[in-house]
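Visitor: quick one: sequence plus predicted model below, questions after.
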Amino acid sequence: MIYLVAILIPPLALLIEGKIFQAIFNAIFWILGIIFVILGGFILWGITILHAIIVVHGARSDARTQKIVDAINKNEN
């Protein structure tokens with residue numbers, strides 16, 4: 001579901017994942033892509049989508065890794 005949000009509204013997906021500064025950065029380029037749609041704004045729009053998907057995937061991956069580390073540490077004690 002979060003990947004669908006990342007495709008439709010990339011800055012919102014980054015905000016949901018808690019990446020505030022990246023969401024602001026992404027929103028600037030997303031809005032510029034919408035404004036300059038005639039002059040190749042689709043390229044900017046595509047870059048913001050790709051950026052959002054990569055960040056969301058990385059955040060999810062970090063959360064899974066942290067969960068595994070916590071489970072290992074819990075079993076050691």
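Guide: That came through fine.
Visitor: all helices of the protein, in order?
Guide: 2-8, 10-16, 20-35, 41-76 (DSSP state H).
Visitor: ok, now which ones touch residue 15?
Guide: residue 23 (C-beta atoms under 8 Å, 6 or more residues apart in numbering). C-beta: built from backbone N, CA, C; applies to glycine.
Visitor: and it, what's its pLDDT?
Guide: Looking at residue 15, its pLDDT stands at 94.
Visitor: from residue 23, how far out is it?
Guide: 5 Å (C-beta to C-beta, to the nearest Å).
Visitor: please work out which of the helices of the chain is packed deepest.
Guide: helix 10-16 (a mean of 22; mean count of other C-beta atoms under 10 Å).
Visitor: low-confidence ranges, this structure, go.
Guide: Under the criterion pLDDT under 70, the flagged ranges of the chain are 77.
Visitor: centroid-nearest residue for it?
Guide: For the chain, residue 52 is the residue whose C-alpha lies nearest the centre (C-alpha atoms, centre = their mean; 3.0 Å).
Visitor: list the residues that contact the closest residue to that residue other than its chain neighbours.
Guide: Excluding the flanking residues, the one nearest residue 52 by C-beta to C-beta, 6 or more residues apart in numbering is residue 10, at 3.5 Å. Counting by C-beta under 8 Å, 6+ apart, residue 10 makes contact with 26, 27, 30, 48, 49, 51, 52.
Visitor: state the distance from the closest residue to the second one other than its chain neighbours to residue 64.
Guide: Right, residue 27. Of all residues not flanking residue 27 in the chain, residue 11 sits nearest, at 3.8 Å (C-beta to C-beta, 6+ apart). To residue 64, residue 11 is 24 Å away according to C-beta to C-beta.
Visitor: just residue 28 next, same as before
Guide: Taken as C-beta to C-beta, the span from residue 28 to residue 64 is 30 Å.
Visitor: thank you kindly, that will do.
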